[in-house]
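Novice: Can you look at this prediction? I've put the sequence above it.
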Amino acid sequence: MELRSVTDAELARSVAVEAGELLKSIRASSGLQDAALGALGDRDANTLILDRLRAARPDDFILSEESVDDRARCAASRVWIVDPLDGTREYASGSSEWAVHIGLAIDGRPVLGAVAVPDRDQVFATDDLPPKHPPCPAGLRVVVSRSRAPDIARCVGDRLGAIMIPMGSAGAKAMAVVEGRADVYLHDGGQYEWDNCAPAAVALAAGLHASRIDGSPLVYNCENPLLPDLLICRQEVAASVLEAIARG
Ligand SMILES: Nc1ncnc2c1ncn2[C@@H]1O[C@H](COP(=O)(O)O)[C@@H](OP(=O)(O)O)[C@H]1O
Ligand SMILES: [Mg+2]
């Protein structure tokens, strides 16, 4: 495919899918496991993504978890924000809970992107969203980090009578909400722009609520890429979840 002529969303989707296929083939054929497998996957997926984005959009900046940060991006309008392998720990241990994030921030807003969840053979892009499952009548389902579930999620769960679903990868969790397999993704305590830019872009395009946990907007391409907390949820539960968070 001639990537220079496709739309930004098509580019994001195609690069996310290609990186996901590469990561699956590395895991199947490298003979590595654990940290060595994660490190190889991070590195090679990053190389592929940077090659494709630079060839297709030579004037844009890129902020990647796996590359040295070029702070000249801070003065740019268009910045691709990518996580070549989100959920490295899960990928390296053979779990399916990992994702590839290709987001595009324009003037700090997460306007478009794609999240591939390769072990589910899924890609979610801002121009191509799946049908949603209906809400679960049994109550709210909150997806949280498998390894670092935040205390605030437990408080919110108790207040709202929700069930907690531990899952690896910010992208995999956000896409569970996009699909309607969960209602809320709540995170606090640390994350970076690459962990949530593409997931937030896809969630917003799907009509979901996506914000900081104080309800303020998610802002990208900041000088310090730390973006430590996040709420992605169905619109109709956003007010009650934000209120529960504020009460602590
Ligand atoms: N407290 C924290 N500080 C820094 N990064 C965190 C974090 N909690 C989660 N993350 C990052 O957010 C992503 C999803 O985490 P989790 O699976 O726990 O929900 C992971 O990205 P990477 O796998 O790209 O490093 C992880 O490193
Ligand atoms: Mg990540």
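Specialist: Perfect, I can see it now. Ligands and ions are numbered 1, 2, ... in the order given.
Novice: where does P217 land in three-state SS?
Specialist: Classification of P217 using DSSP: H, G, I helix; E, B strand; the rest coil returns coil.
Novice: What separation do you get for it and ligand 2?
Specialist: According to CB to the ion, to the nearest Å, P217 and ligand 2 sit 21 Å apart. All C-beta spots, glycine's among them, are computed from the backbone N, C-alpha and C.
Novice: before we move on, what about D229?
Specialist: Taking CB to the ion as the measure, D229 and ligand 2 are separated by 15 Å.
Novice: measure that residue to ligand 1 for me?
Specialist: 10 Å (CB to the nearest ligand atom, to the nearest Å).
Novice: neighbours around that residue, how many?
Specialist: Using other CB atoms under 10 Å, D229 is surrounded by 19 other residues.
Novice: residues touching it, list them.
Specialist: The neighbours of D229, taking CB atoms under 8 Å, 6 or more residues apart in numbering as the test, are P150, H187, D188, G189, Q191, R212, I213.
Novice: where does the closest residue to ligand 2 within the chain land on pLDDT?
Specialist: Ligand 2 sits closest to D86 of the chain, with a gap of 3.5 Å, by CB to the ion. Looking at D86, its pLDDT reads 98.
Novice: and V142, helix, strand or coil?
Specialist: Applying three-state DSSP: V142 is strand.
Novice: ok, now which ones touch the residue of the chain found nearest ligand 1?
Specialist: At 2.3 Å from ligand 1, G190 is the closest residue in the chain, using CB to the nearest ligand atom. Residues in contact with G190 (CB under 8 Å, 6+ apart) are R148, L226, P228.
Novice: Would you check the residues you listed and say which has the weakest pLDDT?
Specialist: Comparing those by pLDDT, R148 comes last, at 94.
Novice: how deep is that one tucked in, by neighbour count?
Specialist: Residue neighbour count, defined by other CB under 10 Å, stands at 11 for R148.
Novice: contacting residues for it?
Specialist: G189, G190 are the contacts of R148 under CB under 8 Å, 6+ apart.
Novice: What distance do you get for the nearest residue to A99 once chain neighbours are set aside to G31?
Specialist: Excluding its sequence neighbours, the residue lying closest to A99 (CB to CB, 6 or more residues apart in numbering) is G171, at 3.0 Å. Per CB to CB, to the nearest Å, G171 is found 26 Å from G31.
Novice: between the two, which one's more packed in?
Specialist: G171 (30 against 7).
Novice: Would you mind listing the buried residues in the helix-or-strand element of the chain with minimal mean pLDDT?
Specialist: Ranked by mean pLDDT, DSSP states H and E, the weakest helix or strand in the chain is helix 151-160, scoring a mean of 93. Judged by neighbour count using 16 or more other CB atoms under 10 Å, the buried positions of helix 151-160 are I152, A153, V156, G157, L160.
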